[in-house]
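In: Predicted model, plus sequence, below.
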Amino acid sequence: MKIPKIPRCLSPNVYPEVPEGGWGWAVAVAFFMVEVNTYGVLKTLGVFLEDLMREFKETNSRVSWVISISVFVFAFTAPLASMLSNRFGCRPVVMMGGFLMSLGMISSAFINGINEMYISIGIISGTRNSHKQHLVLST
């Protein structure tokens with residue numbers, strides 16, 4: 001009777017030296033900062049919910065759609081960010097994400113209605129979030 005060999009994926013990987021060259025802590029700190037900025041921007045809209053409702057004279061559900069759209073676009077465009085990073089590299093993709101973040105946040109300062117906020121923060125800022133997320137996950 002032959003004893004089956006344990007697949008390599010089930011055994012522990014033991015490295016004689018650090019595989020990433022000792023920069024794992026920098027990746028962990030960068031990922032933490034990306035997460036703070038990504039989810040921090042999305043969650044701060046909840047702090048201003050009452051003010052946004054009063055400013056736009058809208059209901060709670062209409063204003064809450066801004067965050068919902070942004071989270072949906074964030075999750076939906078993550079595969080696109082991966083494909084673009086594989087094709088063009090991480091730097092141009094993350095630079096484009098920074099540009100989209102700036103565009104979305106600056107344009108949201110000049111909006112007059114909640115529908116415009118759906119576009120500026122919901123779609124534009126949601127798209128940039130997936131690009132930033134991919135930067136850290138690909139390193």
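Out: Sure thing, it's come through.

In: Pass me the low-pLDDT residue ranges in the chain, would you?
Out: Scanning the chain for pLDDT under 70 picks out 1-15, 18-20, 128-139.

In: where do the helices sit along it?
Out: Along the chain, counting by DSSP state H, helices occupy 24-47, 49-56, 60-76, 78-88, 90-108, 114-117, 126-138.

In: Buried deepest among the ones you listed, which one?
Out: Neighbour counts (mean count of other CB atoms under 10 Å) averaged over each of these peak at helix 126-138, with a mean of 22. Placement of C-beta: from N, CA and C, glycine included.

In: thinking again about what came up before, out of the helices of the chain, nearest to E17?
Out: helix 24-47 (12.3 Å; CB to CB).

In: before we move on, the earlier item: now render the helices of the chain as JSON lines, adding distance to E17.
Out: Formatted as JSON lines, the helices of the chain follow (distance: least, CB to CB, whole Å):
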{"stretch": "helix 24-47", "distance to E17": "12"}
{"stretch": "helix 49-56", "distance to E17": "51"}
{"stretch": "helix 60-76", "distance to E17": "37"}
{"stretch": "helix 78-88", "distance to E17": "28"}
{"stretch": "helix 90-108", "distance to E17": "25"}
{"stretch": "helix 114-117", "distance to E17": "51"}
{"stretch": "helix 126-138", "distance to E17": "23"}
